[in-house]
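Participant: Model the following, please.
(2 chains)
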Amino acid sequence: QQQVKQSPQSLIVQKGGIPIINCAYENTAFDYFPWYQQFPGKGPALLIAIRPDVSEKKEGRFTISFNKSAKQFSLHIMDSQPGDSATYFCAAVVPYGGSQGNLIFGKGTKLSVKP
Amino acid sequence: DVKVTQSSRYLVKRTGEKVFLECVQDMDHENMFWYRQDPGLGLRLIYFSYDVKMKEKGDIPEGYSVSREKKERFSLILESASTNQTSMYLCASSLTHSEAFFGQGTRLTVV
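Facilitator: All right, here's what the predicted structure looks like:
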């Protein structure tokens, strides 16, 4: 299954809250899991990424948690700020894909952080 | 820093015109991609290329073609633009087994 299921579709939190975005996959051939952040009118930018042999990766206020047995991974944003308001995409990389190439994207989560 | 550059930020074209969207990357990546992004539909892959002169259809190739004559350049061609091709177009490049890097996007309006 060449799908990555992302939830929720949208999320509203107060400043300082910890939004959590979840992704799930089926294909065990996926070997790299990047997250992208996209501001309106811009292209997605790489935020943080993890390989499946690691259970957690932290970069600043952004943390990926990875559960290989459950085939799930999630993005946590600590102490969220209004400037974090953006659309977030999870993705999975497979060595060689079909019609989606080797990079499979979730549908995206629109995050809004209220002051 | 990886740089993926799309030739135009905004483009307005007439129905029936042939439209060229150009993308250049400077990191010697073998893979290049063209996506379109529409509200509520996420990123949909139009075409991708894993080598010079090689191309593969993505999920929505109808009405589009591509060209990759040089490793650093990947062009998207709308053979005869239609209003339902009004969208944000995103180019990306990557190494195999690695993340993709995106351009800033081209907002195309077909009138």
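Participant: Give me every residue in chain A lying close to chain B.
Facilitator: A:31-32, A:34, A:36, A:41-46, A:49, A:89, A:91, A:93, A:95, A:99-103, A:105-108 (CB under 8 Å from any CB of the partner chain). No exception for glycine: its C-beta is placed from N, CA and C like everyone else's.
Participant: Output the lowest mean pLDDT helix or strand found in chain A.
Facilitator: None of the helices or strands of chain A scores lower by mean pLDDT, DSSP states H and E than strand A:103-105, at a mean of 86.
Participant: what element comes up after that strand heading to the C-terminus?
Facilitator: Scanning forward in sequence from strand A:103-105 by DSSP states H and E, the next helix or strand is strand A:109-114.
Participant: Name the spans of chain A whose pLDDT lies under the cut-off.
Facilitator: A:1-2, A:95-101 (pLDDT under 70).
Participant: at 50 instead, please
Facilitator: Across chain A, residues meeting the criterion (pLDDT under 50) sit at A:99.
Participant: quick one, longest strand in it?
Facilitator: Counting residues, the longest strand in chain A under DSSP state E turns out to be strand A:86-93.
Participant: Secondary structure of B:Leu90: a strand, I assume?
Facilitator: Yes. Assessed with DSSP: H, G, I helix; E, B strand; the rest coil, B:Leu90 lies in a strand.
Participant: where along chain B do the strands fall?
Facilitator: Along chain B, the stretches classed as strands by DSSP E are B:4-6, B:10-13, B:19-25, B:31-38, B:42-49, B:56-57, B:64-70, B:73-78, B:87-94, B:100-102, B:106-110.
Participant: got the contact list for B:Phe20?
Facilitator: Residues counted as contacts of B:Phe20 (CB atoms under 8 Å, 6 or more residues apart in numbering or on different chains) are B:75-77.
Participant: buried residues in stretch B:36-54?
Facilitator: B:36-37, B:42-50 (16 or more other CB atoms under 10 Å in any protein chain shown).
Participant: Spatially nearest residue to the residue nearest the centre of chain A (excluding sequence neighbours)?
Facilitator: Most central in chain A under CA atoms, centre = their mean is A:Cys90, positioned 3.2 Å from the mean C-alpha point. Of all residues not flanking A:Cys90 in the chain, A:Cys23 sits nearest, at 3.8 Å (CB to CB, 6 or more residues apart in numbering or on different chains).
Participant: what sits opposite that neighbour in the beta ladder?
Facilitator: Taking DSSP bridges as the rule, A:Cys23 bridges to A:Gln6, A:Phe73.
Participant: go on, B:Thr106?
Facilitator: Under the criterion used here (DSSP bridges), B:Thr106 is bridged to B:Tyr89.
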